[in-house]
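requesting a structural model of the entry that follows:
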Amino acid sequence: MFKLNLKIVLRNLWKNKVYTLINVGGLAIGLASCMILLLYVAYEWGYDKQFTNYKNTYILYTNHQTSTEKTSYAWTPGVMAPELKAKISGVKYASHSSYPEQHLIGNGDNSYKTSSVYADPDFLKILDYKFLKGNPDQALKKVNTVILTESLAKKLFGTEDPINKTVKLDNKTFLKVEGIMADLPKNSSIQFEYLMPWSLFESQNPWIKDMHWQGMFCLTMVQLVDEKAFNAASQMIKGVYLRNDPKSENEAMLHPLSKWHLYSEFQNGKSVGGKITQVRTFFLLALCILFIACVNFMNLSTARSEKRAKEVGVRKVIGSTRKMLISQFMLESFLLTIFGLIVGFVLIEIGIPYFNGVLNTDLNIDYSDWELWCALIGLTFFTGLVAGSYPAFYLSSFDPVKALKGFRNAQGSSLSVRKILVIFQFVFAACLIIFTTIIYQQINYIKNKSIGYNKNNLVEISLVGSLQDKGKLDLLKEQLLKTGAVNSVTNFSRSMGQMGHRTMNVSWPGKTKGGDVLFNYRFAGYDFVKTIDAEIADGRDFSMKFSDSANVIVNETAVSVMGLRNPVGTLIGWGDRKATIIGVVKDFIVESPFEKTLPMVIGNDNVNSAVVVARLNPNQNLSKLISQIDEIVRTLNPGFPVERKFIDDNFEEKFGNEKLLGTVANWFGGFAIFISCLGLLGLALYMAEQRKKEISIRKVLGASNMSILELLNKDFIKLVTVANLIAFPLAYIAVNKWLSHYDFRVSISIIPFCVALFVSLIIAILTVSVQSVKVAKANPIDALKYE
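Residues are numbered from 1 along each chain as shown. The predicted structure follows:
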């Protein structure tokens, strides 16, 4: 019986090639889109789960209570890890490490500036990276040693064995290679290409020993003996700050390593989400696109019910049961799904490289993975079942007598269900169009919003190597000005778009007890405000004419928070120093442009800086200016590559997550609309076939081509319009919730909804008109000559 059903199914598919192609095409695009999105979801869900004991591993967060809220951050003192390991029962390992930083590492003339981490030996016990060479149990115990990843080892040493060979760190410190580890997977939160001992970090930064429980400068990881130890350990760890510093207002909190990437947002000391929202959105998008493909199949199958009715009638007369007919139609559904899956795999292999570039991921299909095949079989079964169930039960329900006498579609259930399915397809498509439009409106709104300074013609040069010396730094600024390449120049403690530093250790006249506020703080050189072209609201800029080492500039938000009526000249406390406010600068953005500006205090420091910021001369050729700057930097710092970038490019990177969401919504929204259009085309083909004689009679009686087109298109226009009316409130709720995450957000106007209605109507009309025009122009004699 299976063999007979298979023959019938294959004959039907071959006989109706257009419908077969439409169905296979729709299912292929739907399955390919679904699988790519599910691969991304699995990739994100797998973050930091490569390690053996990831379930027992935690990141230690510091919760600090301010007068208005509790803030959380994954920074701790350097003494935290030894304290936990020694005094907290249930702690198996405790490690402190630096966050990834860029340093120059080289072998002879072969040098690269790449990401590195300083860590203690417990780091490798908690995160059991795969070692290709060397002994992980003895690693990171000696000061001047280093562990390289496989790719970096090949860059530095080629085919040579790197073990026990030396490399040079920042052109001054020699390190012996003691191990080679496999390259880190991209879905690991801590990314580096080489690992150095924590003892080396301490020797390079002697100030660490004096910080005790005050300085927050490292990442602390904890691994418990088992999951049962969590409650007791968590309770003891909570009060670790207070036990060691009675004046502390901090609490410690354990956050699971497996949730670090997806649940990175905190409110009042509790995790409230993060990237998990985007992952859930993509998962829902995958299911909706797959369901649209299934709906497409249902529509086309039920639309052909009249042609299949006689087949069903004859088979029932000769003895086929309804169960046998259902199995035949389900087999047809599963066979089409398998064909769609095969074509889908081709589309995935073509599309994955592009989406890896867009999503900045490393998605791939491992065909030797049995779990993948189990998932594919499950997905195929689910798709075939969902797509084929309604047509199978509907078509097998026909009464044989009515079917053989001449079946006619009643204006009843099947047509109503078909309309509902078409409406659902375009509800989803319209929602995606609205969402995509508002994403780009939000990005453009933030881009066009004033950032408080002029980012055009502004470049920053990283201070590495000898440029960190005051003499070379002063010489660099002097030569840049002397050549006329720049109009003004200053130095800054962080890149203009980089996160941190932050502190709550700021006091001012009238500050109440417990009234701590989180401040951004930076250090800048002379002419800082002038160089970035910000606006001074009160007071003055840092200047060589004055001794400003004990002076600070604050922003307007800081003045508001401190409640100062006449801020200039006010003495404030900042850490263990006293500083006088000499200027108030209007708020400018140094971190996220989507969030409110934090109060900021800027100290004057012309020595310890990370970058030089220069305002280019607009009257000279840009490429010539850049060449001059690069040549000056190379001459003063020959052992290091020139690191120079435009600040407006740096600012553009802040929109990466929103652009990603917009790009994904664009692509997969387009796929959803295309699949829906395939369904509309199939229904238009069927309707044109069914109404061929009616249209011919109308033409004989004098109907124009335009009236025929209007007749054929109006039902589809009604369905698409109803779909948009349903989509509008749903989309409004969704985008309003998404926008609520931003402090600065665009107002929701009528434009995105009009765009969705216009685009979906145009696409529907064009799709249906492909067939409608053909029918309207057909010779009526061809349809009526046999009557």
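
any idea how far the residue most central in space within the chain lies from Phe157?
Nearest residue to the geometric centre of the chain (C-alpha atoms, centre = their mean): Asn657, 4.6 Å. To Phe157, Asn657 is 37 Å away according to C-beta to C-beta, to the nearest Å. Using the backbone N, CA and C atoms, a C-beta is placed for each residue, glycine as well.

likewise Gln65?
Distance from Gln65 to Phe157, by C-beta to C-beta: 51 Å.

equivalent analysis for Ile318, please.
With C-beta to C-beta as the criterion, Ile318 and Phe157 are 78 Å apart.

neighbour count: those two, which is higher?
Phe157 (18 against 8; other C-beta atoms under 10 Å).

the longest helix seen in the chain: how far from the chain's middle?
Assignment by DSSP state H gives helix 322-359 as the longest helix of the chain. From the chain centre to the centre of helix 322-359 is a distance of 27 Å (C-alpha atoms, centre = their mean, to the nearest Å).

which positions within that helix qualify as buried?
325-337, 339-341, 343-345, 347-348, 351-352, 355-356, 359 (16 or more other C-beta atoms under 10 Å).

please name every helix or strand in contact with it.
helix 2-15, helix 17-45, helix 276-303, helix 305-317, helix 370-395, helix 656-690 (3 or more C-beta pairs under 8 Å, 6 or more residues apart in numbering; DSSP states H and E).

neighbours around Asn171, how many?
So Asn171, with other C-beta under 10 Å, has 16 neighbours.

isn't it up against His103?
No - using C-beta atoms under 8 Å as the test, Asn171 is too far from His103 to be in contact (10.2 Å).

can you count the residues close to Glu101?
With other C-beta under 10 Å as criterion, Glu101 counts 11.

need the contact list for it.
115-117 (C-beta atoms under 8 Å, 6 or more residues apart in numbering).

how about the residues you listed in TSV, adding secondary structure, distance to Gly670 and pLDDT?
Listed next are the contacts of Glu101 as TSV, based on DSSP: H, G, I helix; E, B strand; the rest coil; distance: C-beta to C-beta, whole Å; pLDDT from 0 to 100:
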residue	secondary structure	distance to Gly670	pLDDT
Ser115	strand	36	94
Ser116	strand	42	95
Val117	strand	41	96
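
now render these as TSV, adding neighbour count and distance to Tyr367.
Listed next are those as TSV, based on neighbours: other C-beta atoms under 10 Å; distance: C-beta to C-beta, whole Å:
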residue	neighbour count	distance to Tyr367
Ser115	17	32
Ser116	21	36
Val117	21	34
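
name the nearest of those residues relative to Ser627.
Ser115 (28.6 Å; C-beta to C-beta).

Three-state assignment for Ser189, please.
Classification of Ser189 using DSSP: H, G, I helix; E, B strand; the rest coil returns coil.

what is the least confident helix or strand in this protein?
helix 400-406 (a mean of 62; mean pLDDT, DSSP states H and E).

which element follows that one toward the C-terminus?
helix 413-448 (DSSP states H and E).

show me which positions of that following helix end up buried.
Buried-residue list, helix 413-448, by 16+ other C-beta under 10 Å: 414, 418-419, 421-443, 445-446.

for stretch 636-646, same thing?
Buried residues in stretch 636-646 (16+ other C-beta under 10 Å): 636-637, 639-641, 643-644, 646.

can you get me the start-to-end distance on it?
Stretch 636-646 has an end-to-end distance of 21 Å (C-alpha to C-alpha, to the nearest Å).

equivalent analysis for stretch 249-269, please.
13 Å.

that stretch - what's its average pLDDT?
The pLDDT scores in stretch 249-269 average 90.

helices of the stretch 551-700 of the chain, start to end?
556-562, 622-636, 647-652, 656-690, 692-700 (DSSP state H, counting those that start in this stretch).

same check, this time on the stretch 101-250 of the chain
Remark: helices assigned in the stretch 101-250 of the chain by DSSP H, counting those that start in this stretch are 122-126, 150-157, 198-204, 230-238, 240-244.

out of the ones you listed, which is closest to His96?
helix 198-204 (6.6 Å).

what's the average pLDDT for the closest one?
On average, helix 198-204 scores 92.

got the CA positions of stretch 331-348 in CSV?
C-alpha atoms of stretch 331-348 as CSV (Å, rounded to 0.1, in the frame of the first residue of the first chain):
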residue,chain,number,x,y,z
LEU,A,331,2.7,11.2,2.6
GLU,A,332,2.4,13.9,-0.1
SER,A,333,3.0,16.5,2.6
PHE,A,334,6.1,14.7,4.0
LEU,A,335,7.5,14.1,0.6
LEU,A,336,7.2,17.8,-0.3
THR,A,337,8.7,18.7,3.0
ILE,A,338,11.7,16.4,2.3
PHE,A,339,12.2,18.0,-1.1
GLY,A,340,11.9,21.4,0.5
LEU,A,341,14.5,20.4,3.1
ILE,A,342,17.0,19.3,0.4
VAL,A,343,16.6,22.6,-1.5
GLY,A,344,16.7,24.4,1.9
PHE,A,345,20.1,22.9,2.7
VAL,A,346,21.4,24.3,-0.6
LEU,A,347,20.1,27.7,0.4
ILE,A,348,21.6,27.5,3.9
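
circling back to that earlier point, dump the helices of the stretch 551-700 of the chain to a markdown table, plus distance to Gly269 and mean pLDDT.
Listed next are the helices of the stretch 551-700 of the chain as a markdown table, based on distance: least, C-beta to C-beta, whole Å; pLDDT from 0 to 100:
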| stretch | distance to Gly269 | mean pLDDT |
| --- | --- | --- |
| helix 556-562 | 21 | 93 |
| helix 622-636 | 45 | 90 |
| helix 647-652 | 32 | 82 |
| helix 656-690 | 25 | 78 |
| helix 692-700 | 70 | 80 |
